[in-house]
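Asks: Build me a model:
(2 chains)
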Amino acid sequence: MEETEFCRYANLYKDMIYRIALNFFGSTHDAEDMVQDVLIKLYTKGGRLNDDEQVRYWLIRVTLNACKSQMRSRGRRQQASVELQDIAVPFRREEEYALFSAVMSLPEKYRTALYLFYYEELTVKEISEALDINESTVTTRLTRARNMLRSQLFEEDGYGL
Amino acid sequence: MDFKEFYKETFSQVHFQGTVDMEAIRHMRKRTRYRKVLLAAAVVCAFAALCITAYSQDFLGLRSFVLDSGHQETVPLATEQDTEQSIQQQEEYISLQGFADSPESMAVAEWKNFVDNYDVDGEIIASIGNGPIGVDAKYSLYTVYTQEMADKLQEIVDKYGLKLHTRNEVLSYEELAEYLGGEFTDANNSKYSGYMYEDGSFSMDGDYFLPDGEIGYQLCRFVQGSFTDIFLNIGDTDDYCQWTYITANGDRLLMALGRDKSLIISQADRAFITINVLSGSGNECEYIVTREILEQMADSVDWQILSIVSPPNFPELAIPEMLGWGCFDEVLDEIHDKAAPRNMPIYSLYDVDADGSNELIVKTTGDDEADTTEKFSVYYVDSDEVKRAEYMIFADEASLWGTAEGGFYCVYQNITYKYNLKDGKLTSDVVRSGNTDTASALVIPPSDKPFMWSMVDDRSLLSGDNSNVFTDIQDYVYFGQSSEAQRVYAAILYNLINFKIMPDGTQIGELMTMDADMGLNKFAVFDVDQDGSEELIILQLQGATAANAGVVIGYSQEEGKTHQQLWEYPMLTFYDNGVVTAGAGHNQGRGGDFWPYTLYVYDASSDTYVYVGSVDAWDKKLSDENPDVLPPFPTELDKSGSGFLYYIYAEGYDPEMLYDESVYLDWLNGYIGDAEELQVPFVSLTADNVTDMMSAQ
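Replies: Got it, this is the predicted structure:
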């Protein structure tokens, strides 16, 4: 990939890679490292990706695979723990911080599914392919994640959750 | 703003704060290019120079395992646009069942050759979709989705005198060890689960732990005489450094250290055992494997145990005798633990509601997910058709279910099963197999005892709304030998708990809020009006006080429907003569220590409670303590000297008058008299309590 093209994609998708990795690991350090690792893969990638959307989807898959690989190399027994104080995001509203905290308090598998569904707007089928799990598993994770968030956050106004 | 917008707005504020190190990225690219060119030009020489190829005569090296599948394959290794040279990498495959000239390997090679050239564009499999393939279930453990494939597979196994696998069980490490005759890896290895075939062939994933990391591997043993359609892409055999290693116990092993993977192979009397190590000596590997480490891994395995091959004594694939009534979680867990095939659906056929047709009872059993009532569903079966096929959705980590064409489908570990009712028994048909890491075909036993019947679905997952509300009593939940009324009450309670549906079929609104914790409310099934039939009493106790309510619901067997007997504030006191008093929600008048209430009596002709009157009072103490706020207590009217005067809002009494306590008690005793208060056994409104209530009958 040419450097100018690479820089364009890096700028376009570095936040996405970071958010996926942040949801996966729950750690800013790991997520930042992951951005670098994934961008190296993008820069050294052979073959062509035809458009932005193809690059985006390719990056989502590569990021998830790299996260899984990284987690695996640490040992399966190690769980990703979220330390919110390390994740300094200046949210505009209190409710946003509450949602962010609630999401990050969920187990990894729910966080990642939520992000891919709500933010990246992948379909259940696409998520199942990206995570290499059944579609029913994706819907179960989304349902449970919503239920957990609902019980934590939305006793009154549920944002349609 | 909906949740999606809220979520997006929140996470859009999360940004990558670090910097992209372009120098490091450029450097990595140079390394990658250099490595590829080096590999293309000199990889064989480099490895040959570094290795001492000294495997013994009984092991002729990896090349003796390479399948002859008609052609050798090359794939592009690098596709850099600025690399003019096309670099190709050899792809060679080995069987995990023995040398290339063994019947098992020749069969795999022939099968691979067939599969590689069959349905190359995927047109056939696309046309099949999820429809039935009509292939005999005995091929279910293989990637077979047409009769032509099944015929070819059969031709191959017949040609080489092999048997098809008939069963495949997912087992924990401990169970594997039990079948194999003892623990077969030492403490430096993970104890993950694996799967085993009926002939003792097995496979499991593992990790080998080192002080500074871990190495993933796959350990498998394939027994001769059976056909296994598994083969391994090992790249180019010339890329491996190979030698024979004799373990401390005297086991002779073929060791092969490759760039990105390594192999340890042992030949037993009737089987080959392979460890496919998922790392090699290449710098790009997560953990760089050395010769010493590979030998350490070999020493961590008990090859003696693995070399003894005997078919496992699997429990019979049959559902055991049903265990009777009880809370379905416990009952089904017990069934599952005792004898049911692991991770397979449990089901039963029985005419639970005695309507002349069987009901199908299903429980999915996926991993740790089959632990709630949400994993149960019911389909009514009439003659040869599954009715209410539109009821769909089993949320389960392991299974996805669907209904169509008079049957229902279960997708489990990439195998789709279709079920049909024929001659009063369920039969299954493998629709399509996905891979070989699967469970075997189901055995469908008849059952003559019901064990549970519950219905919960999660239509919101599919439809996104609650448009398919259950309003018909027949849609509700039933349990075994309980009375018709009890069944109906259970249905009402389940609908309340699971769907927030009121007895009249409408969505909860006034009675309870949608997000309420239902367990904070209470219910009882008890003959509160003393008419000889039980009523359902629901007390809504959570949420705003003003919205709290107590509801008494009766059931008419003749009419086959429920009706509301009373709707009041949930401070209910029932008496054994059919009188009930309902305390008011608030005591904001002059009642003081007297709590106002309303009194009803039971009317047998309408099977409802009829309003009699309400009572409030004036507590003298309240006036005495608040002289600036309240007028003086009219002591002259308190003939009894009780310190209370009463307002009686009932027929024959003036609502403006204050009555002496003697008058009030005369009125009250006219209804209650010698009646005694009933002790109604209220419990929390939970699914488990509903189950307990029904199963206690």
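
Asks: Please make it C-alpha for all contacts and neighbour counts, starting now.
Replies: Will do.

Asks: Find me the pLDDT at the residue nearest to residue B:677 when sequence neighbours are not counted, would you?
Replies: Leaving aside its sequence neighbours, residue B:677 sits nearest to residue B:575 (CA to CA, 6 or more residues apart in numbering or on different chains; 4.3 Å). As predicted, residue B:575 sits at a pLDDT of 95.

Asks: how far away is the residue nearest the centre of chain A from chain B?
Replies: In chain A, the C-alpha nearest the mean C-alpha coordinate belongs to residue A:20, at 2.0 Å (CA atoms, centre = their mean). According to CA to the nearest CA, to the nearest Å, residue A:20 and chain B sit 11 Å apart.

Asks: Tell me if I'm right that that residue and residue A:112 touch.
Replies: Yes: Residue A:20 lies in contact with residue A:112 (CA atoms under 8 Å); the separation is 6.7 Å.

Asks: can you pull the pLDDT of the residue nearest to the centre of chain A?
Replies: pLDDT, read off for residue A:20, is 95.

Asks: residues in contact with it?
Replies: A:31, A:60, A:63-64, A:112, A:115-116 (CA atoms under 8 Å, 6 or more residues apart in numbering or on different chains).

Asks: how about a cut-off of 6 Å?
Replies: For residue A:20, the contact set (CA atoms under 6 Å, 6 or more residues apart in numbering or on different chains) is empty.

Asks: how would you label it: helix, strand or coil?
Replies: The local conformation at residue A:20, judged by DSSP: H, G, I helix; E, B strand; the rest coil, is helix.

Asks: And it, how close does it get to residue A:113?
Replies: For residue A:20, the distance to residue A:113 equals 10 Å [CA to CA, to the nearest Å].

Asks: residue boundaries of the helices in the stretch 101-250 of chain B?
Replies: B:103-116, B:123-128, B:147-159, B:173-180 (DSSP state H, counting those that start in this stretch).

Asks: Briefly note if stretch A:121-130 comes near chain B.
Replies: No: Stretch A:121-130 stays clear of chain B (CA under 6 Å from any CA of the partner chain), getting no nearer than 9.3 Å.

Asks: And for the residue nearest to residue B:8 when sequence neighbours are not counted, the neighbour number?
Replies: Excluding its sequence neighbours, the residue lying closest to residue B:8 (CA to CA, 6+ apart) is residue A:119, at 5.5 Å. Residue A:119 has 20 neighbouring residues, counting by other CA atoms under 10 Å in any protein chain shown.

Asks: surely residue A:119 meets residue B:10?
Replies: No: here residue A:119 lies out of contact with residue B:10, judged by CA atoms under 6 Å, at a distance of 9.8 Å.

Asks: burial count for the residue nearest to residue B:677?
Replies: For residue B:575, the count of nearby residues is 21 (other CA under 10 Å).

Asks: Please determine how far it is located from chain A.
Replies: For residue B:575, the distance to chain A - CA to the nearest CA - is 38 Å.

Asks: these two touch, right, that residue and residue B:679?
Replies: No: applying CA under 6 Å, one finds residue B:575 not in contact with residue B:679, separated by 8.9 Å.

Asks: Identify the contacts common to the two.
Replies: Joint contacts of residue B:575 and residue B:679 (CA under 6 Å, 6+ apart) do not exist.

Asks: Okay, strands next: where are they in chain A?
Replies: Taking DSSP state E, chain A contains no strands at all.

Asks: Poorly predicted segments of it, please.
Replies: A:1, A:46-50, A:72-88, A:154-161 (pLDDT under 70).

Asks: Would you map the helices across it?
Replies: Counting by DSSP state H, the segments of chain A that form helices are A:3-25, A:28-44, A:52-74, A:94-104, A:108-114, A:124-131, A:135-153.

Asks: Show me which residues of the last one are buried.
Replies: For helix A:135-153, the neighbour count (16 or more other CA atoms under 10 Å in any protein chain shown) marks A:135-143, A:145-146, A:148-150 as buried.

Asks: Quick one: list the elements packing against it.
Replies: Where contact means 3 or more CA pairs under 6 Å, 6 or more residues apart in numbering or on different chains; DSSP states H and E, helix A:135-153 is not packed against any helix or strand.

Asks: Buried residues, stretch B:201-212. List them.
Replies: So, applying 16+ other CA under 10 Å, buried residues of stretch B:201-212: B:201-209.

Asks: quick one: which of the residues you listed is nearest to residue B:310?
Replies: Distance to residue B:310 across the buried residues of stretch B:201-212 (CA to CA) is lowest for residue B:201, with 9.2 Å.
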